[in-house]
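> just to be clear, the model below is a prediction. Sequence and coordinates:
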Amino acid sequence: MAAGMNCSFQNSLWLLNPRQGTNFRAAHLRTRLRLPQSLFFSAPSPAADGALYCTNSSNGSAASDTFVLTTPLYYVNAPPHMGSAYTTIAADAIARFQRLLGKKVIFITGTDEHGEKIATAASAQGSSPGEHCDVISQAYKSLWKDLEIGYDKFIRTTDPTHEAIVKQFYSRVLAKGDIYKADYEGLYCVNCEEYKDEKDLLENSCCPMHLKPCVRRKEDNYFFALSKYQKLLEETLVQNPDLVQPSFRLNEVQSWIRSGLKDFSISRASVEWGIPVPGDEKQTIYVWFDALLGYISALSEEKERPDLELAVSSGWPASLHLIGKDILRFHAVYWPAMLMSAGLSLPKMVFGHGFLTKDGMKMGKSLGNTLEPNDLVQRFGSDAVRYFFLREVEFGSDGDYSEDRFINIVNAHLANTIGNLLNRTLGLLRKNCQSTLVVDSAVAAEGTSFRETVETLVERARVHYENLSLSSACEAVLEIGNAGNSYVDERAPWSLFKQGGPASEAAAKDLVVVLEVMRIIAVTLAPVAPSLCLRIYKQLGYSEDQFNALTWVDTKWGGLKCGQVMAQPKPVFARIETQTEEEGKAAVGSRSGKKKLKEAA
Ligand SMILES: Nc1ncnc2c1ncn2[C@@H]1O[C@H](COP(=O)(O)OP(=O)(O)OP(=O)(O)O)[C@@H](O)[C@H]1O
């Protein structure tokens, strides 16, 4: 059957834009994310008899100032953990940054709710799959609230709109001649919901990710003719290397494709909890062939009738799919081929980040070796959690969690470098200037090179955000804080105030310089630590509405004006006390208590 399907592909025709030759590979990621480039696969027209026209449209159907980004739709076999939170925090930081740039952002997240694993998890809890999905999906929503995730769309794959769109998509691929029925026998990992190649398994047919044995299954299933798209996928990735990032993941994907693509089964005869296959109610659609469509169905407007084309016209193609490397094959091979088959544009970029690990193993629901994000947020606050994981784990690589490291990093960066700088500067301003700025910040920095130093770091942060180098973006912002601390230490305004006269005037100007630094930090760090930045901004005498109206243009030096009154100094980030520190303090407290008692005696 697969051979039959090869014919239409052999005759296919695709036109590629010469701008996207191999030189394009060298283009910077920053440019890539800004360029409204996408591959558009026109729907097969009857006249072309299934021929595939691949053109590079300027922007597909999404407006160039719209930035659509997605997280995976998380599988509701268990509540979220720090790994699920990691992708979502990163996506939220990117979304906030893009909004600061003035883009219309559609940030999509949601839950993947069908399949065998869900039915099993529900029955283990003694509930129906539907009830189980409601509970777990809500757990995701409430964690996102606690972590200040500002998503625009939350799609559940049990939503009737989604189900209708999946069926329309399926019918389209069927009409293209890319679906056929066949017997299949192989080793199946229920946790991956995927048939595996024996060569990829560990001893006793164990899945290397979930360390559980795969089971032998034989089914009469519907198949998607993935093999038909092998050559086109190869070509597409050569001409659009941005499609899969970072580049080492692109290499991985290219090598999978080169090793030969096999058609994959897209229905399950044995799974009831799923979307029925159109025309064959005895089978349900395979979870991946269902869940991936969530990125499109999420674009549907609430009151609109469910319609694939309408949803596509509301923002597809996505600018960025942010995923963990575990699901790269589904997003970088299966999904593009499915879209090609349906005549839809490909996403502009799939970025596969690394794993949060525990003892070297991927933290995951199936292994149960997870870190509890609710607990971290309750103990340390959302800013600390967001900052630590984005700053500490190089985006793209794996990272292990350690609580000591967590506490050291957030205390050093957020409490000391940023929080203390603001607090001591506001303290000096209150004592010496009635909390009021004596000059414009633009005037205060005249005659120094300090302004340029900060401007260079701001630009560095912007480039890193655009490149999705989130850790480096945090680093650049921290350097702004370090520069502010060095400035204040060198100038020592506290001693200038004591001298009085012109020295005191110079000190008052120095405070304005440092507070302008704080204002700029509040804008540049807002994508990563939004609450902390709001608190900083309020201390500088601004309102929440003013904070919400910020754009990246506000990183420009000169925002603070003469006469602006600052709020009373109040720590914006409470230092996390470690047990040893607390014990130390308690000991000091009891010692001084004893001393006082002695003195009184
Ligand atoms: N340890 C992790 N590190 C980083 N991201 C993770 C981690 N675990 C899950 N994710 C994120 O969640 C996605 C997978 O979602 P899923 O709901 O399947 O979670 P899971 O915990 O990996 O599930 P399972 O353990 O059952 O495979 C990943 O692609 C990634 O975006």
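Alright, I've got the coordinates.
> list the contacts of Arg391.
Ile409, His413, Leu470, Ser471, Cys474, Glu475, Leu478, Val528 (C-beta atoms under 8 Å, 6 or more residues apart in numbering). C-beta coordinates here come from the backbone N, C-alpha and C atoms, glycine included.
> out of these, the closest to Trp144 would be?
Distance to Trp144, by C-beta to C-beta, is smallest for Val528 among these, at 16.0 Å.
> and the closest one, helix, strand or coil?
coil (DSSP: H, G, I helix; E, B strand; the rest coil).
> so it touches Ala473, yeah?
Yes. Counting by C-beta atoms under 8 Å, Val528 does reach Ala473; the two are 7.5 Å apart.
> next, whichever residue of the chain sits closest to the ligand: secondary structure please.
Across the chain, no residue is closer to the ligand than Gly83, which sits at 2.2 Å (C-beta to the nearest ligand atom). Following three-state DSSP, Gly83 is assigned to helix.
> so what's the residue count around it?
23 (other C-beta atoms under 10 Å).
> contact partners for it?
Gly324, Phe355, Leu356, Lys362, Met363, Gly364, Thr370, Leu371.
> nearest residue to the last one in space, please, no chain neighbours.
Translated: Leu371. Met82 (3.9 Å; C-beta to C-beta, 6 or more residues apart in numbering).
> if Phe264 is in a bridge, with which residues?
On the basis of DSSP bridges, Phe264 is bridged to Phe224.
> isn't it up against Phe224?
Yes. Taking C-beta under 8 Å as the definition, Phe264 is a contact partner of Phe224 at 5.8 Å.
> between these two, which has more neighbouring residues?
Using other C-beta under 10 Å as the criterion, Phe264 and Phe224 rank with Phe224 on top: 25 against 21.
> tell me the predicted confidence for the more buried one.
Note on Phe224: pLDDT of 98.
> check Ser64 too.
69.
> and Ser402, by the same measure?
Confidence score, pLDDT, at Ser402: 88.
> cool, Glu581 as well?
pLDDT at Glu581 comes out at 58.
> chain center to whichever strand or helix holds Thr88: distance?
Using DSSP states H and E, Thr88 maps to helix 82-100. In terms of C-alpha atoms, centre = their mean, to the nearest Å, the centre of helix 82-100 is set 4 Å apart from its chain centre.
> show me where pLDDT drops low in the chain?
Scanning the chain for pLDDT under 70 picks out 1-64, 579-601.
> which residues sit in contact with the spatially most central residue of it?
Ranked by distance to the mean C-alpha position of the chain (C-alpha atoms, centre = their mean), the top residue is Ala91 at 2.1 Å. By C-beta under 8 Å, 6+ apart, the residues touching Ala91 are Leu69, Thr70, Thr71, Phe107, Thr109, Ile149, Leu322.
> what residues does the stretch 201-350 of the chain put near the ligand?
Ile323, Gly324, Asp326, Ile327 (C-beta under 6 Å from any ligand atom).
> burial count for Met452?
If you look again at residue 452, you'll see it is Glu, not Met. For Glu452, using other C-beta under 10 Å, the count is 11.
> could you list the buried residues of the host helix or strand of it?
Following DSSP H and E, one finds Glu452 within helix 450-466. By 16 or more other C-beta atoms under 10 Å, the buried positions in helix 450-466 come out as 450-451, 453-454, 457-458, 460-466.
> identify the residues contacting it?
Contacts of helix 450-466 (C-beta under 8 Å, 6+ apart): 29-30, 33-34, 93-94, 97, 445, 470, 472-473, 475-477, 479-480, 483, 487, 513, 517, 520, 524, 527, 552, 555-557.
> pull out the buried residues from these.
Buried, going by 16+ other C-beta under 10 Å: 29-30, 33-34, 93-94, 97, 445, 470, 472-473, 475-477, 479-480, 483, 487, 513, 517, 520, 524, 527, 552, 555, 557, out of the contacts of helix 450-466.
> correct me if wrong: the residue nearest to Leu371 contacts Thr370.
Yes. Judged on C-beta under 8 Å, Met82 makes contact with Thr370 at a distance of 6.5 Å.
> all helices for the stretch 351-500 of the chain, in order.
373-380, 382-392, 403-410, 421-433, 441-444, 450-466, 470-491, 493-499 (DSSP state H, counting those that start in this stretch).
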